[in-house]
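A.B. asks: Sequence unavailable; structure follows:
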């Protein structure tokens, strides 16, 4: 994780935040802290709780808040919709400054539910499956954008010049306009954050022409 992304203390989902959540009973015995969260009311309360939590912390700069779903067995489209509203409402997207939400503690079963919900809502989320330190993007994302984001995660940062490395590995040239479009699209999807400018000095894979200048640096949200 880059230092540009200080992590806020995780927001843990508790029954008090979700009035329609209930403990799943199996053979008369409760399955410990396994919540099923459904309905607009539960989703709205969860969204308000997240917003209040972030507001109390008064984050500055670029922060990541982990939403801990380790106790959640299932949630529905109404809750997913409110979670998505929470993500956009707590962000101040000017120059990327703000708080970004990432879902952690996601079970394999819940991942499949979230995958379907993200497609339905036409949005994307960064999630961590239980037991994995590798971030995933759930939702519809083109192959080019997904590969670019995964490259940014592996590299730690990304700017226009870094696409020379992608082109070298893939053997496919990436035009300057395509590089800019990918960075813009991933930023609009809240998967990359624009940060500091970086200098570059070297030949372009596209043209072989020596380039000297500065470009925006982007960091993956994860």
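C.D. replies: Thanks, I have the structure now. Computed from a predicted structure; not experimentally measured.

A.B. asks: shaky segments in the chain?
C.D. replies: For the chain, applying pLDDT under 70 flags the ranges 1-3, 22-33, 58-59, 91-97, 171, 196-215.

A.B. asks: Next, report how far stretch 62-72 is displaced from the centre of its chain.
C.D. replies: From the chain centre to the centre of stretch 62-72 is a distance of 10 Å (CA atoms, centre = their mean, to the nearest Å).

A.B. asks: scratch that, stretch 132-140 is what I was asking about
C.D. replies: With CA atoms, centre = their mean, you get 8 Å for stretch 132-140.

A.B. asks: Now do the buried residues in it.
C.D. replies: 135-139 (16 or more other CB atoms under 10 Å). The C-beta positions use only the backbone N, C-alpha and C, and glycine is treated the same way.

A.B. asks: of those, closest to residue 73?
C.D. replies: Using CB to CB, residue 138 comes nearest to residue 73 of those, at 17.2 Å.

A.B. asks: Tell me who's in contact with the closest one.
C.D. replies: Neighbour list for residue 138: 111, 114-115, 118, 124-125, 127 [criterion: CB atoms under 8 Å, 6 or more residues apart in numbering].

A.B. asks: Over to residue 50?
C.D. replies: 11, 65, 67, 86, 90, 101.

A.B. asks: Can you list which of those are found in helices?
C.D. replies: Using DSSP state H, the members of those that fall in helices are residue 86.

A.B. asks: quick one: which of the contacts of residue 50 sit in strands?
C.D. replies: 11, 65, 67, 101 (DSSP state E).

A.B. asks: Please report the distance of the residue nearest the centre of the chain from residue 155.
C.D. replies: Nearest to the geometric centre of the chain sits residue 126, at 3.3 Å (CA atoms, centre = their mean). Separation of residue 126 from residue 155 (CB to CB, to the nearest Å): 16 Å.

A.B. asks: Repeat that for residue 57.
C.D. replies: For residue 57 relative to residue 155 (CB to CB), the value is 29 Å.

A.B. asks: same thing with residue 18?
C.D. replies: Applying CB to CB, the value for residue 18 to residue 155 is 38 Å.

A.B. asks: The two: which is more packed in?
C.D. replies: residue 18 (23 against 12; other CB atoms under 10 Å).

A.B. asks: what about the residue nearest to that one when sequence neighbours are not counted, helix or strand, and which?
C.D. replies: In space, and not counting its chain neighbours, residue 18 is closest to residue 42: 4.4 Å by CB to CB, 6 or more residues apart in numbering. Assigned by DSSP states H and E, residue 42 falls within helix 40-57.

A.B. asks: residues of that helix that come out buried?
C.D. replies: Here helix 40-57 shows 42-47, 49-50, 53-54 as buried, counting by 16+ other CB under 10 Å.

A.B. asks: roughly how far is it from the heart of the chain?
C.D. replies: Offset of helix 40-57 from its chain centre (CA atoms, centre = their mean): 18 Å.

A.B. asks: Okay, and the beta partners of the nearest residue in space to residue 153 that is not next to it in sequence?
C.D. replies: Excluding the flanking residues, the one nearest residue 153 by CB to CB, 6+ apart is residue 220, at 4.7 Å. Residue 220 has the following beta-bridge partners by DSSP bridges: residue 192.

A.B. asks: Lovely, talk soon.
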